[in-house]
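>>> sharing a model prediction with you, sequence too.
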Amino acid sequence: MIDIQHLQKNRQDLITGMPKGRLSVEEYDIFCAHFESEIRHLENLFVLFDLRALEGWALGSRWRKLSFDSNHRTSLARIAIIGPPRKTRWMERACKPLSYRALEKFCSQDLDSAWSWMEESLVEKIQTRLRDLGL
């Protein structure tokens, strides 16, 4: 199962994806369809993938070929991936077709660091906007 949540924090959109257990290709396909429908019309979206509860893929799954489709042409501000190194590398490869400005991987114990990294972008965006306005 993959839990997806669409949150709004400080007027910023955040999508979280948290796969749990051993996933099948069907579960992944359902997740991709839902994820892509969520991000299709949003800009400057923040995405957090929490892979800590992911056990792996069901036997026979074609997990090596899985990746996101980039047909939606959205603009993702930042993607944070939390989990063990092997799983975060896989998710990073799966995200390559997406259009994003920054992607960072964090080890399983660094959830707070991932949130801080996501929030840094908001502060930078406000500072840039103030500079542009001459303030």
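Structure received.
>>> CA atoms for contacts and neighbours, from now on please.
Will do.
>>> what about residue 17, which helix or strand?
For residue 17, the enclosing helix or strand under DSSP states H and E is strand 12-19.
>>> avg pLDDT for that strand?
The average pLDDT for strand 12-19 rounds to 84.
>>> before we move on, what about stretch 23-39?
Averaging pLDDT along stretch 23-39 yields 80.
>>> same for the strand holding residue 17, what does it pack against?
Counting contacts by 3 or more Cα pairs under 8 Å, 6 or more residues apart in numbering; DSSP states H and E, strand 12-19 is packed against strand 2-9, strand 43-50.
>>> JSON lines for the ones you listed, including mean pLDDT, mean neighbour count and distance to residue 34?
Converted to JSON lines, the helices and strands packed on strand 12-19 look like this (pLDDT from 0 to 100; neighbours: other Cα atoms under 10 Å; distance: least, Cα to Cα, whole Å):
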{"stretch": "strand 2-9", "mean pLDDT": "76", "mean neighbour count": "14", "distance to residue 34": "8"}
{"stretch": "strand 43-50", "mean pLDDT": "86", "mean neighbour count": "20", "distance to residue 34": "14"}
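>>> turn the ones you listed into CSV, including distance to residue 86.
Formatted as CSV, the entries for the helices and strands packed on strand 12-19 read as follows, by distance: least, Cα to Cα, whole Å:
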stretch, distance to residue 86
strand 2-9, 18
strand 43-50, 13
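>>> which stretch among these comes nearest residue 111?
strand 43-50 (8.7 Å; Cα to Cα).
>>> tell me where this structure has strands.
Using DSSP state E, the strands of the chain run over 2-9, 12-19, 21-23, 43-50, 54-57, 75-82, 100-106.
>>> pull the CA atoms of the first one into CSV?
Going back to what we said before, that points to strand 2-9. Written as CSV, here are the backbone C-alpha positions of strand 2-9 (Å, rounded to 0.1, in the frame of the first residue of the first chain):
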residue,chain,number,x,y,z
ILE,A,2,1.2,3.6,-0.7
ASP,A,3,-0.4,6.3,1.4
ILE,A,4,-0.5,9.7,-0.4
GLN,A,5,-1.4,12.9,1.3
HIS,A,6,-1.8,16.4,-0.2
LEU,A,7,-1.1,19.0,2.5
GLN,A,8,-1.0,22.8,2.5
LYS,A,9,1.5,24.4,4.8
